[in-house]
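Colleague: sequence plus the predicted model coming up.
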Amino acid sequence: MTNGKSEISLKIIAYSKCIFINFFLLIQFCSVFLSSYIYTSILLTIYSKRVSFFFSYNFLTLNT
């Protein structure tokens, strides 16, 4: 009886380790994805602001 119990507990430990490792990898993947998304969005906003400033500046110089 004790053999079966220890086997079950070992299975539970292995299963929880697998869940923990998968959870950790998922968190790492999500953090990398989020950081790259934030980085690209910041770059895009900076670029769009520069482009809009450039066009507005050219428009003003053309009108005057």
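Modeller: Nice, thanks for sending it over.

Colleague: use CA for all of it now, contacts and neighbours both
Modeller: Will do.

Colleague: show the contacting residues for residue 38.
Modeller: Residue 38 is in contact with no residue at all, counting by C-alpha atoms under 8 Å, 6 or more residues apart in numbering.

Colleague: run the chain-centre distance for the helix or strand hosting it.
Modeller: In this structure, residue 38 is located in helix 2-63 according to DSSP states H and E. Centre-to-centre, helix 2-63 and its host chain are 0 Å apart (C-alpha atoms, centre = their mean, to the nearest Å).

Colleague: avg pLDDT for that helix?
Modeller: On average, the pLDDT along helix 2-63 is 84.

Colleague: from now on call the first residue 735
Modeller: Sounds good: first residue 735 from here, last item helix 736-797.

Colleague: list the buried residues of stretch 753-761.
Modeller: In terms of neighbour count (16 or more other C-alpha atoms under 10 Å), stretch 753-761 has no buried residues at all.

Colleague: pull the CA atoms of it into CSV?
Modeller: What follows is stretch 753-761 as a C-alpha-only set of coordinates in CSV (Å, rounded to 0.1, in the frame of the first residue of the first chain):
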residue,chain,number,x,y,z
ILE,A,753,2.9,22.6,-14.8
PHE,A,754,5.3,25.0,-13.1
ILE,A,755,7.9,24.8,-15.9
ASN,A,756,5.2,25.3,-18.6
PHE,A,757,3.8,28.2,-16.6
PHE,A,758,7.2,29.8,-16.2
LEU,A,759,7.9,29.4,-20.0
LEU,A,760,4.5,30.9,-20.8
ILE,A,761,5.2,33.9,-18.5
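
Colleague: great, nothing more from me.
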